[in-house]
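Engineer: Quick one, structure for this:
(chains A and B)
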Amino acid sequence: MIELRNVSKAYDGVNVVDDVSLIIEEGQITSFIGPNGAGKSTLLSIMSRLLKRDGGEVLIDGIPLEEWNSSDLAQRISILKQSNAINMRLTVRELVSFGRFPYSQGHLRSADWEAVEQALDYMKLTDLQDRYLHQLSGGQRQRAYIAMVIAQGTDYILLDEPLNNLDMQHAVEIMKTLRCLVRELGKTVVIVIHDINFASCYSDSIVVMDKGKIVSTGPPQSIIDQSVLNSIYNLDFHIEQVNNNRICVYY
Amino acid sequence: MRPNSDRTKLLVMTGLAALALILYIVVGLNSRNWQYALSLRVPKLIAIVLTGCAIAVSTVVFQTVTNNRILTPSIMGLDSLYLLIQSLALYVFGANSQIVVNPKLNFALAVVGMIGFAVLLYRLLFRREDHDLLFLLLVGVIMGTFFDSGSSFVQMVIDPNEFATLQNRMLASFNNVNTDILWIAGAVLAVVLVYTSRYTHILDVLALGREHAINLGIRYEAVVRRLLILVAIMVSVSTGLVGPIMFLGLLVANMAREILTAHYHKYLLIAACLISVLALTGGQFLAERVFNFATPISVVINLVGGLYFILLLLKESRA
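Structural biologist: Purely as a prediction, here's the structure:
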């Protein structure tokens, strides 16, 4: 369980995250939605210790973030940010093998390589494993990074806008993979996402943020609601029920 | 498969570097002069190997930590500070004072000054909560320029005869390496190099960038600070030993990255060291035997390094 207690973060006196308390349930996909600047990515970075917070507490499995040994924590929680410009010349397989660093400190044993193979297989990258990252398309590269996170084998997986720059086919593929991770491997996935319809169709729980605060949380059925969305996005939402999913039309 | 081809390349480089070292020692020896010649050449060679490795390793580490391939640690202003210390010592104490003439004292002063400055700089900057590596570099550049201006000013006002003493210190040279210092500096560099070699896997992860490194469980701030201090020690000691020569680092770090297929630091650091030793031995050989000591080695290195740097910039701007 990830628990946030009164977390806040300010830049130059402006509260980007303002006194946020939240519990993220295990074995679910939790999506953060909200307009730009709502503090979603900042909150994700604070949860995963990439960013220091100004106040409040973050507890992972009931233990405060600061009390974790950093290698142990890296075996519990992983984060993938949206921009991943890597300066190093790496093949897909080499990148994925970095996911085992928290366990091996660079000296990979056979169990580690097995985890790498499984991750490559899971993301259907086995054929591409010897290609260099810069030779891949955007969708393939995103899959490679997610494979690295899978190889890391953490129960909590945090992804910041994993669908950025992906076409519909690849976006759907990634979301289906995330669902599989939750269903088959029992992972807890937390994502920041802009496409409301993706959030609606694939999440178990949605957290709506605006101006650094949490506006509401709940399952898609209650969150994908005209009155909730109209006010935070300043748009006219029309919501339809299609195949048991709530789909928004706001164009 | 790729690490194997890299291993072959490393073997070839080792062979070349060993060949250069042997040639440097052996060429021109005969039954009458060998004792004298060896007593001169061996210390020079030790100095070349140690400083060559220190420069190579410090530059590769610095580039990985800053995630930038066209930087060298000299951007922190350490070699500028070295020149300022030398100029000031000359101006304040005179050309015949112990601090200028006694090599041990002079070395100690310069090294302590440089390391002290680096530690102070890191202290100040890492105390800020949202410290930024780029900010550290900017401060380094500004301080470097300040030190440069300071030493130019001192050079204007000192006696022209004293300036000649200073000029010797301004260019790197292996010709008058003091054996007493060599042992101290050598011991320090050897310890630091061995210690740094324990960080090869961590450096690989750091090369992925800050966020990936933290995600993979590296205590980023602490590790970066420790590595930067190691860099400062290596730069200070090698500069104190032979003079400012950091430009070589840019050359060898980038050549190592060009030559190797994989970018694991395990190989990268060794390759950079080998190229560095090869370049220094070759350069010293040219400077000594071909130019008959008329051209200091740093002139040769700065010329070649400058050309390579321009090529590198052109290539990067096209890519």
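Engineer: wait, does the helix or strand where residue B:49 lies contact chain A?
Structural biologist: Assigned by DSSP states H and E, residue B:49 falls within helix B:34-66. No - Helix B:34-66 lies out of reach of chain A by Cβ under 8 Å from any Cβ of the partner chain, never closer than 8.7 Å. Using the backbone N, CA and C atoms, a C-beta is placed for each residue, glycine as well.
Engineer: Just list what that helix packs against, helices and strands only.
Structural biologist: Secondary-structure packing of helix B:34-66 (3 or more Cβ pairs under 8 Å, 6 or more residues apart in numbering or on different chains; DSSP states H and E): helix B:2-26, helix B:133-157, helix B:179-197, helix B:200-206, helix B:220-242, helix B:247-259, helix B:265-285.
Engineer: Nearest to residue B:95, out of those?
Structural biologist: Closest to residue B:95 of the helices and strands packed on helix B:34-66, according to Cβ to Cβ: helix B:133-157, at 13.1 Å.
Engineer: Next, the angle from that closest one to helix B:34-66.
Structural biologist: Here helix B:133-157 points in a direction 140 degrees away from that of helix B:34-66 (axes from the mean of the first three to the mean of the last three Cα atoms, to 10 degrees).
Engineer: Give me the helices and strands touching helix B:133-157, please.
Structural biologist: If you count contacts as 3+ Cβ pairs under 8 Å, 6+ apart, helix B:133-157 packs onto helix B:34-66, helix B:78-93, helix B:103-127.
Engineer: Could I have the CA atoms of the next helix or strand after it written out in CSV?
Structural biologist: Toward the C-terminus, helix B:133-157 is succeeded by helix B:160-170 as the next helix or strand (DSSP H and E). Taking C-alpha atoms only, helix B:160-170 is exported to CSV below (Å, rounded to 0.1, in the frame of the first residue of the first chain):
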residue,chain,number,x,y,z
PRO,B,160,60.0,39.5,-16.2
ASN,B,161,62.7,37.2,-14.8
GLU,B,162,60.2,35.7,-12.4
PHE,B,163,57.7,35.3,-15.2
ALA,B,164,60.2,32.9,-16.9
THR,B,165,60.0,30.6,-13.8
LEU,B,166,56.2,30.8,-14.0
GLN,B,167,56.1,30.0,-17.7
ASN,B,168,57.6,26.6,-17.0
ARG,B,169,54.8,25.9,-14.6
MET,B,170,52.1,27.0,-17.1
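Engineer: Helix B:160-170: which residues count as buried?
Structural biologist: B:162, B:163, B:165, B:166, B:169, B:170 (16 or more other Cβ atoms under 10 Å in any protein chain shown).
Engineer: swap in stretch B:54-72?
Structural biologist: Within stretch B:54-72, the residues that qualify as buried are B:54-67, B:71-72, counting by 16+ other Cβ under 10 Å.
Engineer: For the closest residue to chain B within the stretch 151-251 of chain A, report the pLDDT, please.
Structural biologist: Minimum separation of the stretch 151-251 of chain A from chain B (Cβ to the nearest Cβ) falls at residue A:152, amounting to 7.4 Å. Note on residue A:152: pLDDT of 90.
Engineer: One more: residue B:4?
Structural biologist: Reported pLDDT for residue B:4: 67.
Engineer: picking up where we left off before, for the helices and strands packed on helix B:133-157, give me JSON lines that also has distance to residue B:225 and mean pLDDT.
Structural biologist: What follows is the helices and strands packed on helix B:133-157, written out as JSON lines (distance: least, Cβ to Cβ, whole Å; pLDDT from 0 to 100):
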{"stretch": "helix B:34-66", "distance to residue B:225": "10", "mean pLDDT": "86"}
{"stretch": "helix B:78-93", "distance to residue B:225": "16", "mean pLDDT": "85"}
{"stretch": "helix B:103-127", "distance to residue B:225": "6", "mean pLDDT": "83"}
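Engineer: As a check, name the ranges of all strands in chain A.
Structural biologist: Remark: strands assigned in chain A by DSSP state E are A:2-11, A:14-24, A:29-33, A:55-60, A:63-64, A:77-80, A:156-160, A:188-192, A:205-210, A:213-218, A:238-242, A:245-249.
Engineer: can you give me the mean pLDDT across the third one?
Structural biologist: This points to strand A:29-33. Mean predicted confidence for strand A:29-33 is 90.
Engineer: Direction included, what does it pair against?
Structural biologist: Sheet partners assigned to strand A:29-33 using DSSP bridges are listed as strand A:188-192 (parallel), strand A:205-210 (parallel).
Engineer: same thing with the second one?
Structural biologist: Strand pairing for strand A:14-24, using DSSP bridges, gives strand A:2-11 (antiparallel).
Engineer: tell me the angle the strand it pairs with makes with strand A:55-60.
Structural biologist: Interaxial angle of strand A:2-11 relative to strand A:55-60 (the same axes, to 10 degrees): 150 degrees.
Engineer: Which residues does strand A:2-11 contact?
Structural biologist: For strand A:2-11, the surrounding residues in contact (Cβ atoms under 8 Å, 6 or more residues apart in numbering or on different chains) are A:15-24, A:39, A:42-43, A:46-47, A:51, A:53-60, A:62, A:77, A:156, A:188, A:190, A:212.
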